[in-house]
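**Student:** Whatever this is, show me its structure:
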Amino acid sequence: MTDQVAPLEVRPAAGHIGAEITGVDLAGPLTDEAVAAIRAAVLRWKVLFFRGQRLDHAAHVAFARRFGTPVRLRSRGSVSPGEFPEVETTADRLELGGRYGMDHEEWLRRRRHSLLRGWHCDHGARVDPPAATILRAETVPPYGGDTTWSNLAAAYAGLSAPVRAFVDTLRAEHRLGVGYQSRPGDDAYLRHLLDRQIATDHPLVRVHPETGERVLFVNGYYVEQILGVSRPESRALLDMLLEQATRPEYTVRFRWEPGSVAFWDNRATVHLAPGDTAHLDHPRVMHRVMLAGDVPRGVDGGPSVPIVGSEPGRW
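**Tutor:** Predicted coordinates for the structure are as follows:
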């Protein structure tokens, strides 16, 4: 097998975010020039799409290692490959509701308390969320199952100057389980959340460690409360900022096929997993590798501070 020689092409997919990369075989050896081009493209376009790839678990992890250190999760579901601790199989998510006595539909309904609830970055309640995620599709439905991403640097830049100056000074609590609607009586998932709390005091605007961009660090999944303001003020501010973060002009939507790979900057994006496949009688099997990230820093240089449940570098 020879080094990558085909010309790598970057084709933007939307005005602010997303690009399709062609002319590269992710399973083969990549030159340093190809790796540098992919790194530059993911920093510029925030999420990259590759089609027709032939990655297995080993090649998936090897590709990820060219860009950082893969995270090894201590807890994964039974579908994830035991011999590759860096790989999480997202079909495990379908097991979660049953693990706590709910079918998948109820599980989603109780966790998504608002229309924007599903938008998230990966592991945003940690003090050091992953820097990037590389997700590959093994089996997908013949229709449905698209994923959407939004560019949080563009969302920040789209705010008016007075609002940017205001949010630059704020911090927010990110917590696992925000907005969960508990079941009547004993609730196994609520007990799980209380036993394994994860929460962090993050800057509301983080400075990207590689590009220097200011990023609106909000999402509907983890943000509990803007600190230093009242709860009604926090709710109004979050509603405004979440609407800004997910405006259609800052987003891109991707239609998966078997062999598709998405590689995104988890520091500068939020994404929305599909909610239109639970009723379809067709599996959706995806494999995820995440790259270790740093502790976010705000405009004033202040770092994120763990409240409970996470330490930098310890998964």
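
**Student:** is it true that Pro306 touches Val127?
**Tutor:** Yes. Counting by CB atoms under 8 Å, Val127 is a contact partner of Pro306 at 4.1 Å. To be clear about C-beta, it is placed using only N, CA and C from the backbone, and glycine gets the same treatment.

**Student:** Need the residues touching each of those two.
**Tutor:** Common contacts of Pro306 and Val127, defined by CB atoms under 8 Å, 6 or more residues apart in numbering, comprise Thr200.

**Student:** Of these two, which one has the most company?
**Tutor:** Higher neighbour count among Pro306 and Val127: Val127, with 25 against 18, using other CB atoms under 10 Å.

**Student:** what residues are up against the more buried one?
**Tutor:** Counted by CB under 8 Å, 6+ apart, Val127 has contacts Thr200, Val295, Ser304, Val305, Pro306, Ser310, Glu311, Pro312.

**Student:** out of the residues you listed, which is most surrounded?
**Tutor:** Among these, the one with the most neighbours (other CB under 10 Å) is Thr200, at 26 neighbours.

**Student:** The protein: helices as residue ranges?
**Tutor:** Taking DSSP state H as the test, the helices found in the chain are 32-45, 57-65, 93-99, 104-111, 152-157, 161-167, 188-195, 231-245.

**Student:** quick one on the thing from earlier: possible to save the contacts of Val127 as JSON lines with distance to Arg51 and pLDDT?
**Tutor:** Listed next are the contacts of Val127 as JSON lines, based on distance: CB to CB, whole Å; pLDDT from 0 to 100:
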{"residue": "Thr200", "distance to Arg51": "36", "pLDDT": "97"}
{"residue": "Val295", "distance to Arg51": "35", "pLDDT": "98"}
{"residue": "Ser304", "distance to Arg51": "35", "pLDDT": "98"}
{"residue": "Val305", "distance to Arg51": "41", "pLDDT": "98"}
{"residue": "Pro306", "distance to Arg51": "39", "pLDDT": "97"}
{"residue": "Ser310", "distance to Arg51": "35", "pLDDT": "93"}
{"residue": "Glu311", "distance to Arg51": "38", "pLDDT": "95"}
{"residue": "Pro312", "distance to Arg51": "35", "pLDDT": "96"}
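
**Student:** For Leu116, state which of those is nearest.
**Tutor:** Thr200 (20.0 Å; CB to CB).

**Student:** for the stretch 201-315 of the chain, what spans make up the strands?
**Tutor:** 205-207, 214-216, 223-226, 251-254, 261-265, 269-272, 285-291, 305-308 (DSSP state E, counting those that start in this stretch).

**Student:** who wins for proximity to Leu152 among those strands?
**Tutor:** Evaluated over the strands of the stretch 201-315 of the chain, closeness to Leu152 peaks at strand 214-216, with 4.7 Å, by CB to CB.

**Student:** Can you list the strands that that closest one pairs with?
**Tutor:** Next to strand 214-216 in the sheet, as set by DSSP bridges, lie strand 205-207 (antiparallel).

**Student:** Show me the contact partners of the strand it pairs with.
**Tutor:** Applying CB under 8 Å, 6+ apart, the contact partners of strand 205-207 are 156, 164, 167-168, 170, 213-217, 267, 296-299.

**Student:** if you set the cut-off to 10 Å instead, what comes out?
**Tutor:** 129, 152-153, 156, 159, 164, 166-171, 213-218, 241, 267-268, 294-301, 303-304 (CB atoms under 10 Å, 6 or more residues apart in numbering).

**Student:** Give me the buried subset of the residues you listed.
**Tutor:** Buried subset of those (neighbour count, 16 or more other CB atoms under 10 Å): 129, 152-153, 156, 159, 164, 167-168, 170-171, 213-218, 241, 267-268, 294-299, 303-304.

**Student:** For Leu152, see how far away His16 is.
**Tutor:** 10 Å (CB to CB, to the nearest Å).
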